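[1] coords please:
(one chain, ligands or ions: 1)
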Amino acid sequence: MTAEVHWNTAWSIEEGVTRVTRLYETTFGEAPAGVWQAPGRVNLIGEHTDYNGGVAMPIALPHRTFAAMSPRGDMIVRLVSAQEPGVREVDLTQVGPHDSDKAVEGWPAYVVGVAWALREAGYDAVRGFDVAIDSCVPFGAGLSSSAALECAVAVGINDLFRLDLAGSAEEPNDTGRKTLVEACIRAENDVAGANTGGLDQAASLRCLEGHALFLNCRNGEVEKVPFDLASQGLALLVTDTRAPHSLSDGQYNERRSCCESAARNIGVEFLADVEDGDAALRALSDPTEVKRARHVIGEIARTYDAVRAMRRGALRADVLDEIATLFDASHDSLRDDYEVTCRELDLAVDVARSEGAHGARMTGGGFGGSCIAIVDADAVDRVAEAIADAYEREGLAQPHFLMAVPAMPAGRVQ
Ligand code: GLA
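    Residues are numbered from 1 along each chain as shown. As a prediction, the model looks like this:
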């Protein structure tokens, strides 16, 4: 039995610019002032650590969201997306938190939320704009399509209203970008109402081509760690399980509040502050809190171990073995202790491992979404076919596959 393997290839910059410019022109009847892009991400390791004050290690994907934009003289934002019919119009003076009478319905919240958050942060120069959006970041795949949307708009707003916070994708102003990250997080948490932890926005704005970003979510400090699989004859295969996935279904919030409660019961501000893991876990009486905290404390330690291994040199021999062991342990902990995997994720991981992957794990929030596997470059097709076949045998909808190569961060492209 051979299932057909579906590859989700990233658009070139030219293709993204052409698509979004055409959409802008047919919608608004003139050329946009510019075009900006922002990438989706995969997190290599450090899952569900960001809102616990921990560390994570994302890379930016070559799959991007494109935004064609022009400033307006007033406070109106007009939005069009290739993914949804119709033009939306939002008055920026009528934007506010999702639980207020100024709530914004649907996807425009991620766009106008960024403008609102920047104005709240004192950037009064931000005013209305027209924007057209198109994207090849798969939606709902755990690859940060919403952060890519926020961050593309954030770098667009930065340039349109001369906020001077972004620099270029090639020469980013990393300090300024931290401010843009904060605005995008507020857009997502406050305006869109998704209580996520900030990993995705930092990845999209602060990653560097050819590198993983070792990110301290507590203080925003970063270290750029070379991540070059190709030179070692390796590749990072992403399986988008296409299992139903939603962060707003309450499960994510439930995990987050369980961690906050565990931290309170241990007597620390964040689980990342725990120094003696065994003693901390003994201080907890609720078995669910024990499991959740054990994942977070262990995952933070694994992420430090991973960056230490990667600093030693190229991804081969003992370095590769150690990363593989850490990836596998991360997934198993997310499956058994954090309980955020699902049948589709576990199956893709199991098959990748039995096909010889050097470590395989789910990435992102879980409950569906995607998994990553380090595989020999010449085995990519075979591993993808084996996963597709296993899905077919199990009667699951076919997954999609992507190749993840660490790509550049958000910036202007036209
Ligand atoms: C989602 C959230 C992130 C992070 C991950 C889990 O992607 O948006 O903030 O919590 O899940 O690591």
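[2] residues of the chain that sit close to the ligand?
    Contact residues (CB under 6 Å from any ligand atom) of the chain with the ligand: 43, 47, 48, 50, 51, 196, 197, 198, 199, 200, 364, 365. C-beta here means a position set from N, CA and C on the backbone, and glycine is covered the same way.
[3] swap in 8 Å and give it another go.
    Of all the residues in the chain, those in contact range of the ligand (CB under 8 Å from any ligand atom) are 43, 46-51, 56, 142, 144, 146-147, 188, 194, 196-200, 247, 252, 256, 364-366.
[4] could I get the buried residue list for stretch 364-378?
    364-376 (16 or more other CB atoms under 10 Å).
[5] tell me the one among those residues nearest to the ligand.
    The shortest approach to the ligand among the buried residues of stretch 364-378 belongs to residue 365, at 3.2 Å (CB to the nearest ligand atom).
[6] wait, the closest one touches residue 340, no?
    Yes. Applying CB atoms under 8 Å as the test, residue 365 and residue 340 come out as touching, 7.0 Å apart.
[7] now, which of the residues of the chain next to the ligand lie within strands?
    Among the residues of the chain next to the ligand, the members found in strands (DSSP state E) are 43, 56.
[8] now list the buried members of the residues of the chain next to the ligand.
    Among the residues of the chain next to the ligand, those classed as buried by 16+ other CB under 10 Å are 43, 46-51, 56, 142, 144, 146-147, 188, 194, 196-200, 247, 252, 256, 364-366.
[9] how about the closest residue to residue 233 other than its chain neighbours, what does it touch?
    Ranked by CB to CB, 6 or more residues apart in numbering and with sequence neighbours excluded, the top spatial neighbour of residue 233 is residue 377, at 5.2 Å. Listed by CB atoms under 8 Å, 6 or more residues apart in numbering, the contact partners of residue 377 are 229, 230, 233, 234, 235.
[10] can we see that at 6 Å?
    Listed by CB atoms under 6 Å, 6 or more residues apart in numbering, the contact partners of residue 377 are 233, 234, 235.
[11] from the residues you listed, which is closest to residue 128?
    residue 235 (43.7 Å; CB to CB).
[12] partners of the helix or strand where that closest one lies, with directions?
    Remark: residue 235 resides in strand 234-240, with elements defined by DSSP states H and E. Paired strands of strand 234-240, with direction, are strand 370-376 (antiparallel), strand 400-403 (antiparallel) (DSSP bridges).
[13] identify the farthest-apart pair in the buried residues of stretch 364-378.
    Farthest pair in the buried residues of stretch 364-378, by CB to CB: 367 and 376, 30.0 Å.
[14] next, the angle strand 370-376 makes with the longest strand along the chain.
    Ranked by number of residues, the top strand in the chain under DSSP E is strand 58-71. With axes from the mean of the first three to the mean of the last three CA atoms, to 10 degrees applied, the angle from strand 58-71 to strand 370-376 works out at 120 degrees.
[15] could you dump strand 58-71 to CSV, C-alpha only?
    Extracted in CSV, the C-alpha atoms of strand 58-71 (Å, rounded to 0.1, in the frame of the first residue of the first chain):
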residue,chain,number,x,y,z
PRO,A,58,12.8,27.8,17.7
ILE,A,59,13.9,28.2,14.1
ALA,A,60,12.1,30.3,11.6
LEU,A,61,10.5,28.5,8.6
PRO,A,62,10.8,29.4,5.0
HIS,A,63,7.0,29.3,5.0
ARG,A,64,5.8,32.9,5.4
THR,A,65,2.9,35.3,5.6
PHE,A,66,3.0,38.3,3.3
ALA,A,67,1.4,41.6,4.0
ALA,A,68,1.0,44.4,1.3
MET,A,69,0.2,47.7,3.1
SER,A,70,-0.2,51.4,2.6
PRO,A,71,-0.8,54.1,5.3
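[16] how near is the nearest residue to residue 315 once chain neighbours are set aside to the ligand?
    Closest residue in space to residue 315, ignoring its immediate chain neighbours: residue 232 at 5.1 Å, by CB to CB, 6+ apart. Look at residue 232 and the ligand: by CB to the nearest ligand atom, to the nearest Å, they are 26 Å apart.
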